[in-house]
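[1] Kindly return the folded structure for what I paste below:
(one chain, ligands or ions: 1)
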Amino acid sequence: MIRKTENDSGLTFFLGNERLSCLMKIRWGKLQLLHMGAPVLPEDADAMCCSTLFGWGNDVLYSQEDNGSSLDTMPLAWSETGAGDYRESPVEILVDGEPLSGDFVYSYSETADEPAAETSVMPHASGEHETLKIVMRSDNALLDGLRLELYFSLFDTVLVRRTVLVNDSDRSVCVKKLMSACVDLKGDYVMSTFDGGWIRETHRHDVPVSYSRIVNESTNGFSSNRHNPGFLLAARDANEDSGEVFGFNLVWSGNHYSSAQRSAVGFTRVLQGISPEGLCAEMPQGQRFETPDAVIAWSERGYNGLSERMHDFINDCVVPKYWRRRERPVLFNSWEGCMFSFTESKLISLARKAKKLGCELFVLDDGWFGERNDDHAGLGDYNVNRKKLPGGLEGLSRRIHAEGMQFGLWFEPEAVNPDSDCYRAHPDWVLASPGSGELYGRNELLLDLTKSEVRDYIVNSVSAILDATDIQYVKWDMNRCSPVTGEKAYEYILGLYEVLGRIFRPRPQILLEGCASGGNRFDLGMLCFAPQIWASDDTDPIERLNIQTGLSYLYPQSTMGAHISAAPHAMTLRNTPLSTRANVSFFGAFGLEFDLDRMQPVDEAELKDIIAYYKARRKTFQFGCFRRNRAENGAVCWQVSDAERCLCGLFHRLVPAGPELEWLCAELPEKDAVYTVESRPQLLRVRQFGGLLKHILPIELDPEGRVLRTADRHYKMYDGKTEAVCSGRALRAGIPLGKRFSGTGYDKDLRVQGDFGSNLFEIKKQN
Ligand code: DGJ
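    Numbering: from 1, shown residues only. This is a model prediction of the structure:
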């Protein structure tokens, strides 16, 4: 509900529902934030207004008539420098090279069901919502006609804000900084950011918010694998299940900036928006400058409660309409198994095997066009490599479909190799650093997406292939950081959005997966076009525990590409059981990515079971409500649940000698209902026991010999199973699991586990 109220005390705005609320008031023309977070009522405005503000000491008063008009001590929903607020400003404007305060004051407001999407250059969340637009005009005589449009959209689980600066003054202004949102929150917080780099994205880091400013920013041109734009502010006593937590994110794929800083009177100022680094956007008369949507969610049910709000918002309002809550196919991707080296018959053999295992979609990754036999050549060209694919893409797609699979294809349209026909014909199309010229990353240059002829080239080239070939999926990759910052980097992302919109909006059934060397662009902007994003080039399941846990705070499982790959792993050389690789990948948009021609018969059998298990429960895995459960001794426990079932993955890193008893904790909807618990049957490999086998076999065999090697490839040896019947209450308290291997012999009920072991449990209500 949005309500605007005017009485003797002034004009107030209320946006709220059962999940969160925001109360604002106009004071001296400025936008005071009375409340943000827990649901309150519109009638609470007067009671929640700090009337005795601290206008004393050396404070500067905004209104000489009112001793309480110190903006520095007032909680605000928008601010600027030059009016007595000395906290960080959400806006900076230069006129003739000099900083100038706009002195923006309330002008008028209106409500609308939809934001002005037609005039907007940004992608927006969509779905049921109401929007309040508050217009602030410049009270600075030099800037008469300059105005700010502040948009507040209330969705079911989040509040979305954005800002537009409109220059109807008679002079040109330069935007140095313009944030999407500014809020002053009361309370004492810990800020969680999700940081890392290539193959170690989104690791959670916590810092207490204090009087020094904490900045979460990306400057590599993209939302980045360095610092995801999403972050959290949690009350100091919050945990996974209780306490106040705010979540913030941006519908933006470029350089971003957010900050949190506590003020002397106890408010925490939070800013969210595009990065001001290098920004100086000239705005001649008549121009608009638009910021992306900033998302704010709140929960009093701890981090898990907050994640649920963000997940629902993304599944229901961010990803393209066609793919909302629509199940994703199990895919096989050629990359890690083949890299650039394949033939058509190799691909068909892989497709046949993938189909036999239960995969539904075959994806041909890099290497299908131009002279692309490694990463030095071919990017920018779209002519199929006939040496590898004599039947062309159409022929390949036909053959893949004849095997009973859908067909998907990889593109990297934003980049070009100097060794390509595209670059030779258009060397002026590339994006160069203003200082250092052509800067290479993975032997490639980015195309300048701010040029309309470049955008047309990409749209026409990709569309022609999509129209000529029977294609159900596209992987859109981008493998380097940008050589530019500031306005150029901002306009690049707008160019990218235009390209994605032109290609994919007319083809909504194509499942688009975003990718940028893995997670260099895992953000809500890309999710507006691509319902899923390749979470990381690191598919080692133990590394994925950190990466996917980090992502899970802000993004739902349906959005995270997660594949089973080979062991030892290409990025870590770590050897992990197939069961754990599967159990981790289940909590995402699941697939396979290794050379199936190298599969052992026992793995093949297990993979068939794994894929059948996933498919039978995929709705729960992809769209069930996700939680991070309690787990002992550094283990990780993920839970997804819906009306039909609850699934819990319990994962270990290194196994200790003489391990303690282990417990499964889960959160079920009905505390007094009776539930059955059953672990997914999983196999052990004979080779895991090496020479120790002589202790349990009647004869002694050479652990490296042919007999045991053959047994290892073929023999199905099951790990100990868990079965239990108990109440929801017992599961919340934790039920003990069967004994783990501890060096005192082996029997079939023992859970062997070992390093990097895991289990997957299905919990169902008993009929
Ligand atoms: C980087 C991606 O993250 C990989 O999955 C793969 O598509 C390669 N690029 C191909 O070059």
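[2] In which helix or strand does the residue in the chain that the ligand sits nearest to reside?
    Residue nearest to the ligand within the chain (Cβ to the nearest ligand atom): residue 366, separated by 3.5 Å. C-beta: built from backbone N, CA, C; applies to glycine. Using DSSP states H and E, residue 366 is not contained in any helix or strand.
[3] In space, what's closest to it - neighbours in sequence excluded?
    Closest residue to residue 366 apart from its sequence neighbours, by Cβ to Cβ, 6 or more residues apart in numbering: residue 410 at 5.4 Å.
[4] mind listing what the one you found touches?
    335, 363-366, 368, 474-475, 477 (Cβ atoms under 8 Å, 6 or more residues apart in numbering).
[5] now do residue 493
    Shown in contact with residue 493 (Cβ under 8 Å, 6+ apart): 222, 252-254, 525.
[6] any idea which of those residues is closest to residue 278?
    Of all the contacts of residue 493, residue 278 sits closest to residue 254, with 11.8 Å by Cβ to Cβ.
[7] Test my guess that that closest one contacts residue 223.
    Yes. Using Cβ atoms under 8 Å, residue 254 is in contact with residue 223, at 6.9 Å.
[8] So which of the contacts of residue 493 is surrounded by the most neighbours?
    residue 253 (33 neighbours; other Cβ atoms under 10 Å).
[9] For residue 62, see how far away that one is.
    The gap separating residue 253 from residue 62 is 37 Å, by Cβ to Cβ, to the nearest Å.
[10] do residue 302 as well
    38 Å.
[11] Residue 615 too?
    62 Å.
[12] For the protein, what lies in contact range of the ligand?
    Contacts of the chain with the ligand, taken as Cβ under 6 Å from any ligand atom, map to 335, 365-366, 410, 477, 479, 515, 517-518, 534, 537.
[13] mind listing what residue 136 touches?
    Counting by Cβ under 8 Å, 6+ apart, the residues that residue 136 touches are 29, 31, 78, 104-107, 147-148, 150.
[14] rerun at 10 Å
    26, 29-31, 78, 80, 102-109, 146-150, 163 (Cβ atoms under 10 Å, 6 or more residues apart in numbering).
[15] Ok, residue 45 next?
    Going by Cβ under 10 Å, 6+ apart, residue 45 touches 3, 5, 7, 9-14, 23-25, 34-35.
[16] Scan those and report the most crowded one.
    residue 24 (26 neighbours).
[17] Return the residues in contact with residue 146.
    Residue 146 neighbours (Cβ under 10 Å, 6+ apart): 93, 95, 100, 102-104, 136-140, 165-169, 171, 173, 283, 285.
[18] circling back: and the contacts of residue 410, which of them are in helices?
    Among those, DSSP state H puts residue 335 in helices.
[19] Give the partner strands of whichever strand in the chain runs longest in its sheet and their orientations.
    For the chain, the strand with the greatest residue count under DSSP state E is strand 173-186. Each strand that pairs with strand 173-186, with its direction, by DSSP bridges: strand 91-95 (antiparallel), strand 267-274 (antiparallel), strand 281-283 (antiparallel).
[20] Point out the one among those strands that comes closest to residue 382.
    Closest among the strands paired with strand 173-186, using Cβ to Cβ: strand 267-274, at 31.8 Å.
[21] Now do the same for the nearest residue to residue 154 once chain neighbours are set aside: helix, strand or coil?
    Spatial nearest neighbour of residue 154, chain neighbours left out: residue 15 (4.5 Å); criterion: Cβ to Cβ, 6+ apart. Put simply, residue 15 is strand when judged by DSSP: H, G, I helix; E, B strand; the rest coil.
[22] just for the protein, where's the confidence low?
    Residue ranges of the chain with pLDDT under 70: 51-56, 113-119.
[23] what domains does the record give for it?
    Following automatic domain parsing, the chain resolves into domains at 2-317, 330-624, 636-765.
[24] of the ones you listed, which approaches residue 630 most closely?
    Using Cβ to Cβ, the nearest of these to residue 630 is domain 636-765, at 4.5 Å.
[25] Straight-line length of that closest one, end to end?
    24 Å (Cα to Cα, to the nearest Å).
[26] Off-centre distance for it?
    Taking Cα atoms, centre = their mean, to the nearest Å, one finds the center of domain 636-765 at 31 Å from the center of the full chain.
[27] what ranges do the helices span in this structure?
    302-313, 335-338, 344-357, 392-402, 421-425, 452-468, 486-504, 524-527, 541-552, 578-585, 601-616, 618-623, 706-714, 728-733.
[28] if we can go back for a sec, residues in contact with the residue of the chain closest to the ligand?
    Residue 366 sits next to 334-335, 338-340, 372, 374-375, 378-379, 410-412, 475, 477, 479 when contact means Cβ under 10 Å, 6+ apart.
[29] Next, give me the two most distant ones among the residues you listed.
    374 and 475 (18.8 Å).
[30] Tell me which of these two has more neighbours.
    The residue with more neighbours, out of residue 374 and residue 475, is residue 475; 26 against 13, by other Cβ under 10 Å.
[31] Could you verify my assumption that the more buried one touches residue 534?
    Yes. At 7.1 Å, residue 475 counts as touching residue 534 under the criterion of Cβ atoms under 10 Å.
[32] Now for those two: what residues contact both?
    333, 335, 513-515, 561.
[33] re the thing from before, name the residues contacting each of residue 254 and residue 223.
    Between them, residue 254 and residue 223 share the contacting residues 229, 493, 521, 523, 525, judged by Cβ under 10 Å, 6+ apart.
[34] Apart from its chain neighbours, what residue comes closest to the fourth one?
    Read that as residue 523. Per Cβ to Cβ, 6+ apart, closest to residue 523 is residue 223, 3.8 Å.
[35] which ones are touching that neighbour?
    Contacts of residue 223 by Cβ under 10 Å, 6+ apart are 229-230, 249-250, 252-256, 493, 516, 519-526.
[36] go with 7 Å
    229, 252-254, 256, 521-523 (Cβ atoms under 7 Å, 6 or more residues apart in numbering).
[37] cool, residue 243 as well?
    234-235, 237, 302 are the contacts of residue 243 under Cβ under 7 Å, 6+ apart.
[38] Now render those residues as JSON lines, adding neighbour count and distance to residue 488.
    Listed next are those as JSON lines, based on neighbours: other Cβ atoms under 10 Å; distance: Cβ to Cβ, whole Å:
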{"residue": "234", "neighbour count": "23", "distance to residue 488": "36"}
{"residue": "235", "neighbour count": "17", "distance to residue 488": "40"}
{"residue": "237", "neighbour count": "11", "distance to residue 488": "45"}
{"residue": "302", "neighbour count": "21", "distance to residue 488": "41"}
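[39] Keep only those of those residues that are in strands.
    Using DSSP E, the contacts of residue 243 in strands are 234-235.
[40] Mind putting the contacts of residue 243 into CSV with distance to residue 699?
    As requested, the contacts of residue 243 are exported to CSV (distance: Cβ to Cβ, whole Å):
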residue, distance to residue 699
234, 60
235, 64
237, 61
302, 56
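[41] Name the residues of stretch 751-761 that come out as buried.
    Residues 751-754, 756-761 are the ones in stretch 751-761 that count as buried (16 or more other Cβ atoms under 10 Å).
[42] Give the closest residue to residue 127 in space, chain neighbours not counted.
    Nearest non-adjacent residue to residue 127 (Cβ to Cβ, 6+ apart): residue 317, at 3.6 Å.
[43] Go ahead and confirm the one you found touches residue 123.
    No. Between residue 317 and residue 123 there is no contact under Cβ atoms under 7 Å: 11.7 Å.
[44] re earlier: can you say which two of the contacts of residue 223 are spatially most distant?
    254 and 522 (13.3 Å).
[45] Quick check: end-to-end length of stretch 397-414?
    24 Å.
[46] which parts of that stretch are buried?
    Under 16+ other Cβ under 10 Å, the buried positions of stretch 397-414 are 397, 399-400, 403, 405-414.
[47] before we move on, what about stretch 440-455?
    Neighbour count says stretch 440-455 has 443-451, 454-455 buried, by 16+ other Cβ under 10 Å.
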